[in-house]
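1. Structure for this input, please:
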Amino acid sequence: MASDPKRPKRPFPDLRAASKSLAERLAAGARRPVPSSDGAEKGAPEGGPGRSGSGSAGGPVAAARQGVANPPPRPVSPLAARPSVAAAPATAAPRPLSIPIPPLRDTGLREFQFTAADFDRVRKLIYQHAGISLSPAKQDMVYSRLARRLRATGKASFADYLELLERGDKDEWERFVNSLTTNLTSFFREPHHFPIFAEHLKKLDGRSPIRVWCCASSTGEEPYSIAMTVVETFGGFNTPVSIIASDLDTNVLATADKGVYPAERAERLSPERLKRFFLRGSGSQEGNVAVRPELRRMVHFQRVNLLDASWPVKGPLDVIFCRNVMIYFDKPTQYKILSRFAPLLQED
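-> Reported below is the predicted structural model:
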């Protein structure tokens, strides 16, 4: 780009002079007293502004005593001379706890001693008897559930209680298994299963009977959900479908057979299903709902241990609901049980 010959040239600034001027201004700013928050002036001797008090550790008197001429003040940043900029007070880092808090299982605060060896024995017993695989994370759950059995049997330690089981006490074995089984369930717990089931029933129309096995009955919500789907598919309670519902836990089977639930357990059902399949309790049963007798008669409950050498349920079967029990088994046990299911199913 060509320069304009008529435009006067601006002289370059004298950088040396500008640097000297800046240093002088910085030095002057450093000598200027800075008022502190309590009204006193920072950087001034004790005698006041412009005085050389005898007690000042950093003033001219102290410098003279050391045989050193008054040194010129060091230039500082202009920001440091501004009274509006204050440094945040230093905060000491928190000291870590010197004593770690031990987990509950090591504190000795429990009613009964529960060692790692006790837990391993429980895991082996429930696995051998019911195929249930307990992870190490279940240790607290196992303690809280079995501690009730120690109180009920009057045993002073887990070693004594487990010895009772190993001697073959049949009644206590049942209570032991009932204590450790997990009964998480709800009506239509896996909602995507039931439309598929309904479509399969339509394909089997004309076959009689159609036999369905729900092998994880728990307290009955799943088999009754199966029965509701059957009624809705066939348009009434008179259907060719027979439903067998089994579980290992005898306590939950008794609840399932009664078919009475707190109303909140059925609150996620549609108003149409509630009206069609349930009765509302009154009097002493207020707050409960009961499965209608017509629906209850469609389901037959019985105890089955899937690890037993033989099952009371025989083929041929058309449908087996097993997901909600298989999730509690390890892979080898799942394979073993599924291998026994397959021959029971008849082809479509």
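2. The residue nearest to F329 when sequence neighbours are not counted and A266: what is the separation?
-> The spatially closest residue to F329, leaving aside those adjacent along the chain, is G131, at 5.3 Å (Cβ to Cβ, 6 or more residues apart in numbering). All C-beta spots, glycine's among them, are computed from the backbone N, C-alpha and C. Per Cβ to Cβ, to the nearest Å, G131 is found 31 Å from A266.
3. Equivalent analysis for D249, please.
-> For D249 relative to A266 (Cβ to Cβ), the value is 21 Å.
4. what does V252 give?
-> Taking Cβ to Cβ, one finds V252 at 17 Å from A266.
5. what's the answer for H192, then?
-> H192 is 20 Å from A266, by Cβ to Cβ.
6. again, but for Q113
-> 43 Å.
7. that's a strand at V212, yeah?
-> Yes. Checked against DSSP: H, G, I helix; E, B strand; the rest coil, V212 lies within a strand.
8. list the contacts for it?
-> Contacts were defined as Cβ atoms under 8 Å, 6 or more residues apart in numbering; by that measure V212 touches I226, V230, V241, S242, I243, I244, L317, D318, V319, I320, F321.
9. go with 10 Å
-> 197, 200-201, 223, 226-227, 229-230, 241-245, 298-299, 317-321 (Cβ atoms under 10 Å, 6 or more residues apart in numbering).
10. ok, back up a step: mind checking which of H192 and A266 has more residues around it?
-> A266 (20 against 7; other Cβ atoms under 10 Å).
11. Isn't that one up against G281?
-> No. Look at A266 against G281 with Cβ atoms under 10 Å: they stay out of range, at 11.4 Å.
12. Can you list the neighbours in contact with stretch 197-211?
-> Against stretch 197-211 from outside (Cβ under 10 Å, 6+ apart): 212, 225-226, 229-230, 232-234, 239-244, 313-321, 344-346, 348.
13. model confidence over it, on average?
-> Stretch 197-211 carries an average pLDDT of 92.
14. what does stretch 121-139 give?
-> Per-residue scores along stretch 121-139 average to 89.
15. So for it, what gets flagged as buried?
-> 121-123, 125-127, 129-134, 138-139 (16 or more other Cβ atoms under 10 Å).
16. before we move on, what about stretch 181-198?
-> T181, N183, T185, F187, F188, H193, F194, F197.
17. re earlier: by neighbour count, sort out the buried ones in the contacts of V212.
-> 197, 201, 223, 226-227, 229-230, 241-245, 298-299, 317-321.
18. Where helices are concerned, which of those residues count?
-> Using DSSP state H, the members of the buried ones among the contacts of V212 that fall within helices are F197, L201, P223, I226, A227, T229, V230.
19. and which of those is nearest to V177?
-> When those are compared for distance to V177 (Cβ to Cβ), P223 wins out at 20.1 Å.
20. quick one: low-confidence parts of the stretch 51-200 of the chain?
-> When residues are selected by pLDDT under 70, those of the stretch 51-200 of the chain lie in 51-108, 184.
21. Would you map the strands across the stretch 201-348 of the chain?
-> 210-214, 241-247, 260-262, 278-280, 288-291, 299-303, 319-321 (DSSP state E, counting those that start in this stretch).
22. Which residues outside the last one are in contact with it?
-> This means strand 319-321. By Cβ under 10 Å, 6+ apart, strand 319-321 touches 190, 193, 197, 200-201, 204, 210-217, 222-223, 225-226, 241, 243-245, 313, 338, 341-342, 344-345.
23. could you redo the last one with a cut-off of 6 Å?
-> V212, W213, C214, F341 (Cβ atoms under 6 Å, 6 or more residues apart in numbering).
24. Out of those residues, which comes closest to Y161?
-> Nearest member of the contacts of strand 319-321 to Y161, counting by Cβ to Cβ, is C214, at 32.6 Å.
25. F112 is in what secondary structure piece?
-> Assessed by DSSP states H and E, F112 sits outside every helix and strand.
26. How many residues are close by it?
-> F112 has 17 nearby residues by other Cβ under 10 Å.
27. if I look at it, how far off is Y161?
-> 9 Å.
28. Now the common contact residues for those two.
-> By Cβ under 6 Å, 6+ apart, the residues touching both F112 and Y161 are L150.
29. Can you give me the pLDDT of the closest residue to T181 other than its chain neighbours?
-> Using Cβ to Cβ, 6+ apart and skipping the chain neighbours, the partner closest in space to T181 is D249 (4.6 Å). pLDDT recorded at D249 is 90.
30. thinking again about what came up before, columns distance to V291 on top of the contacts of strand 319-321, output as TSV?
-> Formatted as TSV, the contacts of strand 319-321 follow (distance: Cβ to Cβ, whole Å):
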residue	distance to V291
V212	17
W213	19
C214	15
F341	27
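31. can you pull out the helices in this protein?
-> Counting by DSSP H, the helices of the chain are 15-31, 60-65, 116-130, 139-153, 158-166, 170-180, 193-203, 221-234, 250-258, 271-277, 293-296, 323-326, 331-341.
32. Let me have these in a markdown table, extended by distance to A309.
-> Listed next are those as a markdown table, based on distance: least, Cβ to Cβ, whole Å:
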| stretch | distance to A309 |
| --- | --- |
| helix 15-31 | 95 |
| helix 60-65 | 99 |
| helix 116-130 | 13 |
| helix 139-153 | 27 |
| helix 158-166 | 20 |
| helix 170-180 | 17 |
| helix 193-203 | 30 |
| helix 221-234 | 25 |
| helix 250-258 | 20 |
| helix 271-277 | 37 |
| helix 293-296 | 31 |
| helix 323-326 | 18 |
| helix 331-341 | 10 |
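33. Good, wrapping up.
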